[in-house]
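Undergrad: only geometry, no sequence info:
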């Protein structure tokens, strides 16, 4: 689900970034996305991920309010450990989140093993480079005892080499964490291509052999441009 209309982070591979930032969503608008999905599908939502449009930690108060409403027995009653909040690396808010005393899952969009590559893909890295981000992740784990998930989109010839895998391994091997590799979902305007299956599996095995639990995300939604990194206002008019 989305936390903002648009996004101001500007990740190079993301369709949402192309339209820029419009506004923050209210907690009600965020929760209404779940309600609308239940009405449309006729099924009960059991897992929620704040990984749609926007940077959740740049709308911190409304996102936390929405997550609590989704979790509350008088709200949607979704288990706290079935609610994930993802951030591109807003370090002060990671520290704040660690002190909330909640059981929601923290996911951090990493996308590179070295600063030069992450600077290109995630402009926020210029403010909070990987070393600073990882220190925040360590503080989170130490303060909560909870695991961190690192999201990593696989882009051919950009961040899928073994040098990047070794960089991730160097930063993550001493953390209670899990790495989730995401095959790039196509956004034609970016010029990026998805890594091939062999490269993705080689990257995953490098991390696993180094002691970092790693999975490859199953693809969903790309056929309707609704997968990770593809969300934006429809180009259709009228």
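TA: Looks like it came in fine. Owing to the predicted nature of the structure, the values given are computational and were not obtained by experimental measurement.

Undergrad: pLDDT below threshold where in this structure?
TA: For the chain, residues meeting the criterion pLDDT under 70 lie at 219-238.

Undergrad: can you rerun that using 50?
TA: 220-238 (pLDDT under 50).

Undergrad: which residues of it fall in helices?
TA: Counting by DSSP state H, the segments of the chain that form helices are 27-41, 60-71, 91-98, 115-121, 130-144, 162-172, 197-209.

Undergrad: Next, the angle from the third one to helix 60-71.
TA: Relative orientation of helix 91-98 with respect to helix 60-71: 30 degrees, computed using axes from the mean of the first three to the mean of the last three CA atoms, to 10 degrees.

Undergrad: Residue 92: neighbouring residues, count only.
TA: Neighbours of residue 92 under the rule other CB atoms under 10 Å: 11. For every residue, glycine as well, the C-beta is placed using N, CA and C.

Undergrad: er, residue 131 actually
TA: The number of residues near residue 131, taken as other CB under 10 Å, comes to 9.

Undergrad: Contact partners for it?
TA: 115, 171 (CB atoms under 8 Å, 6 or more residues apart in numbering).

Undergrad: Would you mind confirming that residue 179 is in contact with residue 212?
TA: Yes: assessed by CB atoms under 8 Å, residue 179 is found in contact with residue 212 at 5.7 Å.

Undergrad: Mutual contacts of these two, please.
TA: Common contacts of residue 179 and residue 212 (CB under 8 Å, 6+ apart): 168, 172.

Undergrad: Can you say which of the helices of the chain is nearest to residue 9?
TA: Taking CB to CB, helix 115-121 is the member of those nearest to residue 9, at 10.6 Å.

Undergrad: For that closest one, which residues meet the burial criterion?
TA: Applying a neighbour-count criterion of 16 or more other CB atoms under 10 Å, one finds 117-119, 121 buried in helix 115-121.

Undergrad: how about those residues in CSV, adding distance to residue 56?
TA: Formatted as CSV, the buried residues of helix 115-121 follow (distance: CB to CB, whole Å):
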residue, distance to residue 56
117, 24
118, 19
119, 22
121, 19
